[in-house]
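Undergrad: model this:
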Amino acid sequence: MNQQKQMIFNFNNSYAKLHKVFYHTVLPDNMPQPETLVFNQNLATELELKINNPQQLIDLLNQIPNNKTINPIATAYAGHQFAYFTMLGDGRALLLGEHLTTDHKRFDIQLKGSGRTPYSRGGDGKATLKSMLKEYLFSEALHGLGIPSSRSLAVIATGQTVYRETARQGAVLIRSMEGQIRVGTFEFARYYASTQQLEQLLNYAVKRHYPEIQNGNKAIQLLQSVMSSQIEMLIGWMRTGFVHGVMNTDNTSITGESFDYGPCAFMGIYHPDTFFSSIDQKGRYAFANQPKILKWNLARFAEALLPLIHKNQDHAVKMATETINQFDDCFDQKFQEMMLAKIGIQQPIDGDVELAQDFLRLLKIHRKDFTHSFNYLRLPDFYKNKDFILGAEFVQWLQKWKHRINFNEGKGHAFSIMERYNPFYIPRNYFVEEALNLAVKGDTEKFNSMLQILKMPYWYDSEMDNSLFDPPGFDEHFKTTCGT
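TA: Numbering: from 1, shown residues only. Sure thing, here's the model as predicted:
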């Protein structure tokens with residue numbers, strides 16, 4: 001029986017072979033009354049998990065103390081949180097193991113909310129049911145939108161009470177990622193470990209995540225690769241109006257995956273300064289600030305790599321600076337390509353960038369919805385009962401845009417481009433809160449319906465009708481919290 005339980009995952013662990021400074025072995029807390037509330041069968045199939053009943057997950061977790069084949073670890077990392085450096089680590093998460101698929105793809109399987117670790121810093125190591133359901137929802141939302149993201153396999157209610165502002169229901173999330181190494185992991189190695197251990201982490205990261213790096217300066221090439229993957233991820237955020245909310249270096253993955261969905265949200269009414277996090281009082285991580293914050297985080301990554309970039313520190317700083325300085329041109333080019341695609345232009349000519357910028361300017365001035373406004377351009381009949389007229393200036397812009405897409409794209413081709421770049425559906429804050437609050441009370445119908453819609457967010461389905469248009473003004477006073 002135990003043999004059957006342990007075979008759910010094909011664990012082949014490599015991170016635990018690093019120096020022990022990078023982790024502590026920790027057992028998860030026992031769950032007195034576990035119940036699987038959400039199970040991701042699609043992800044289980046993709047990962048080739050040998051599971052046909054979510055109860056098997058509960059059985060496996062409860063058997064960990066007696067299962068010698070599973071050795072959970074809490075990983076060490078540091079990080080800049082709101083620009084202030086601090087020692088951190090997995091305070092409520094455990095790396096259960098590395099699952100290997102038949103084609104040798106490796107995925108970290110993590111528990112979140114499983115109890116205290118040596119890095120908990122006075123916290124209880126637990127997580128609330130609402131926050132774990134939210135992470136499940138948003139990780140699947142970004143995946144459905146085509147943005148690299150962690151995935152959620154299951155949310156298990158623990159039967160325990162977690163105390164935050166009030167007593168809450170506790171839960172554990174089972175999360176899958178290509179890799180859980182963060183910029184903050186390298187910061188930890190630089191400032192709390194030896195140069196030899198930093199180099200060991202570098203070699204491990206290159207071999208596992210960027211094996212194409214074979215010769216030359218591995219540190220510089222890793223910096224370039226991480227910058228490229230992070231930019232690709234960020235372009236997806238900017239394309240869909242996603243605001244992460246807490247872009248600390250410990251929440252910046254070297255694999256370019258979005259993860260740690262605490263105070264995140266999607267922007268409704270367009271404004272570059274939009275943010276929802278209650279702890280981000282000055283808007284450091286606002287929507288339009290995300291590119292410069294990512295660049296700042298990458299600069300911290302470069303600093304951590306300096307001893308491995310070159311033995312001469314001045315020369316290392318020069319090489320790192322030259323690499324980081326490539327960020328703006330790379331991001332700007334990809335951002336412009338993405339924004340032009342959102343208005344149906346794939347073969348730009350002079351004036352196209354200004355055309356896209358003018359559209360955003362009109363949305364900001366007239367406080368229009370980011371997602372709906374782009375869809376309105378190709379589907380005006382769908383919005384005929386909605387107020388999308390932006391005044392005489394918009395009528396002029398619309399005529400100019402129609403003339404432009406007929407110039408060399410053609411309307412049909414332009415619309416097909418726009419369909420791929422503009423989601424019809426995003427998880428809007430009002431409906432997310434409604435679904436989460438009901439789910440916590442035991443009514444998961446809206447939550448499950450939202451999950452189904454998020455699988456294909458680019459095509460209209462009548463099931464979307466009740467969650468496409470949120471009540472006007474809700475987002476103006478809406479605040480998110482880390483909530484875990």
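Undergrad: please count neighbours and contacts with C-alpha atoms only from this point.
TA: Fine.
Undergrad: pLDDT below threshold where in the stretch 1-150 of the chain?
TA: 1-6 (pLDDT under 70).
Undergrad: which residue ranges of it form strands?
TA: For the stretch 1-150 of the chain, the strands defined by DSSP state E, counting those that start in this stretch occupy 23-25, 35-39, 73-75, 78-81, 84-87, 93-100, 106-112.
Undergrad: make CSV out of those and add mean neighbour count and distance to residue 361.
TA: Shown next, in CSV, are these (neighbours: other C-alpha atoms under 10 Å; distance: least, C-alpha to C-alpha, whole Å):
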stretch, mean neighbour count, distance to residue 361
strand 23-25, 19, 48
strand 35-39, 18, 41
strand 73-75, 25, 44
strand 78-81, 21, 32
strand 84-87, 14, 34
strand 93-100, 25, 42
strand 106-112, 23, 41
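Undergrad: would you turn the ones you listed into a markdown table with distance to residue 375?
TA: Shown next, in a markdown table, are those (distance: least, C-alpha to C-alpha, whole Å):
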| stretch | distance to residue 375 |
| --- | --- |
| strand 23-25 | 47 |
| strand 35-39 | 32 |
| strand 73-75 | 43 |
| strand 78-81 | 36 |
| strand 84-87 | 40 |
| strand 93-100 | 39 |
| strand 106-112 | 36 |
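Undergrad: show me the one of the ones you listed that comes nearest residue 282.
TA: Residue 282 lies closest, by C-alpha to C-alpha, to one member of these: strand 78-81, at 13.7 Å.
Undergrad: returning to that earlier point: out of the strands of the stretch 1-150 of the chain, flag the one nearest residue 149.
TA: Sorting the strands of the stretch 1-150 of the chain by C-alpha to C-alpha, the top spot, which is the nearest, belongs to strand 106-112 at 12.3 Å.
Undergrad: right, and the strands of the stretch 1-150 of the chain - which one's nearest residue 356?
TA: strand 78-81 (33.7 Å).
Undergrad: with residue 189 as the reference, name the closest of the strands of the stretch 1-150 of the chain.
TA: strand 78-81 (8.5 Å).
Undergrad: contacts for that closest one, please.
TA: 85-89, 183-188, 248-250 (C-alpha atoms under 8 Å, 6 or more residues apart in numbering).
Undergrad: which one of the strands of the stretch 1-150 of the chain lies nearest to residue 301?
TA: strand 78-81 (10.0 Å).
Undergrad: pairing partners for the closest one, with directions?
TA: strand 84-87 (antiparallel) (DSSP bridges).
Undergrad: alpha carbons of the partner strand, in PDB - could you do that?
TA: Output of strand 84-87 as PDB, limited to C-alpha atoms (Å, rounded to 0.1, in the frame of the first residue of the first chain):
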ATOM      1  CA  TYR A  84      15.300  46.600   1.600                       C
ATOM      2  CA  PHE A  85      17.500  43.600   1.900                       C
ATOM      3  CA  THR A  86      16.700  40.900   4.300                       C
ATOM      4  CA  MET A  87      17.300  37.200   5.000                       C
END
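Undergrad: check the offset of it from the chain's centre.
TA: Counting by C-alpha atoms, centre = their mean, to the nearest Å, strand 84-87 is centred 22 Å from the centre of its parent chain.
Undergrad: which other residues reach that strand?
TA: 77-80, 188.
Undergrad: again, only this time at 7 Å
TA: 77-80 (C-alpha atoms under 7 Å, 6 or more residues apart in numbering).
Undergrad: same thing with stretch 37-47?
TA: Contact partners of stretch 37-47, identified using C-alpha under 7 Å, 6+ apart, comprise 54, 101, 153-157.
Undergrad: what residues are up against residue 233?
TA: Counting by C-alpha under 7 Å, 6+ apart, residue 233 has contacts 147-148, 256-257.
Undergrad: mind doing that once more with 6 Å?
TA: With contacts defined as C-alpha atoms under 6 Å, 6 or more residues apart in numbering, the neighbours of residue 233 are residue 256.
Undergrad: how close does it get to residue 11?
TA: According to C-alpha to C-alpha, to the nearest Å, residue 233 and residue 11 sit 28 Å apart.
Undergrad: mind checking the longest helix of this structure?
TA: Using DSSP state H, we find that the single longest helix of the chain is helix 218-240.
Undergrad: can you get me a residue count around residue 471?
TA: 10 (other C-alpha atoms under 10 Å).
Undergrad: how near is it to residue 361?
TA: 23 Å.
Undergrad: tally of neighbours for residue 365?
TA: 11.
Undergrad: quick one, domains of the chain?
TA: According to automatic domain parsing, the chain comprises the domains 2-177, 181-424+468-484, 429-467.
Undergrad: off-centre distance for the last one?
TA: If you compare the mean C-alpha spot of domain 429-467 with that of the full chain, they lie 19 Å apart, counting by C-alpha atoms, centre = their mean.
Undergrad: host element of the closest residue to residue 346 other than its chain neighbours?
TA: The shortest distance from residue 346 to any non-neighbouring residue, by C-alpha to C-alpha, 6 or more residues apart in numbering, is to residue 340 (6.7 Å). Residue 340 belongs to helix 327-342 when elements are defined using DSSP states H and E.
Undergrad: which parts of stretch 270-288 are buried?
TA: 270-271, 274-277, 280, 283-288 (16 or more other C-alpha atoms under 10 Å).
Undergrad: now secondary structure, pLDDT and distance to residue 314 too, for these, in JSON lines please.
TA: Listed next are those as JSON lines, based on DSSP: H, G, I helix; E, B strand; the rest coil; pLDDT from 0 to 100; distance: C-alpha to C-alpha, whole Å:
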{"residue": "270", "secondary structure": "coil", "pLDDT": "97", "distance to residue 314": "43"}
{"residue": "271", "secondary structure": "coil", "pLDDT": "98", "distance to residue 314": "41"}
{"residue": "274", "secondary structure": "coil", "pLDDT": "98", "distance to residue 314": "39"}
{"residue": "275", "secondary structure": "coil", "pLDDT": "97", "distance to residue 314": "38"}
{"residue": "276", "secondary structure": "coil", "pLDDT": "97", "distance to residue 314": "40"}
{"residue": "277", "secondary structure": "strand", "pLDDT": "96", "distance to residue 314": "39"}
{"residue": "280", "secondary structure": "coil", "pLDDT": "95", "distance to residue 314": "35"}
{"residue": "283", "secondary structure": "coil", "pLDDT": "96", "distance to residue 314": "34"}
{"residue": "284", "secondary structure": "coil", "pLDDT": "97", "distance to residue 314": "30"}
{"residue": "285", "secondary structure": "coil", "pLDDT": "98", "distance to residue 314": "31"}
{"residue": "286", "secondary structure": "coil", "pLDDT": "98", "distance to residue 314": "34"}
{"residue": "287", "secondary structure": "helix", "pLDDT": "98", "distance to residue 314": "35"}
{"residue": "288", "secondary structure": "helix", "pLDDT": "98", "distance to residue 314": "33"}
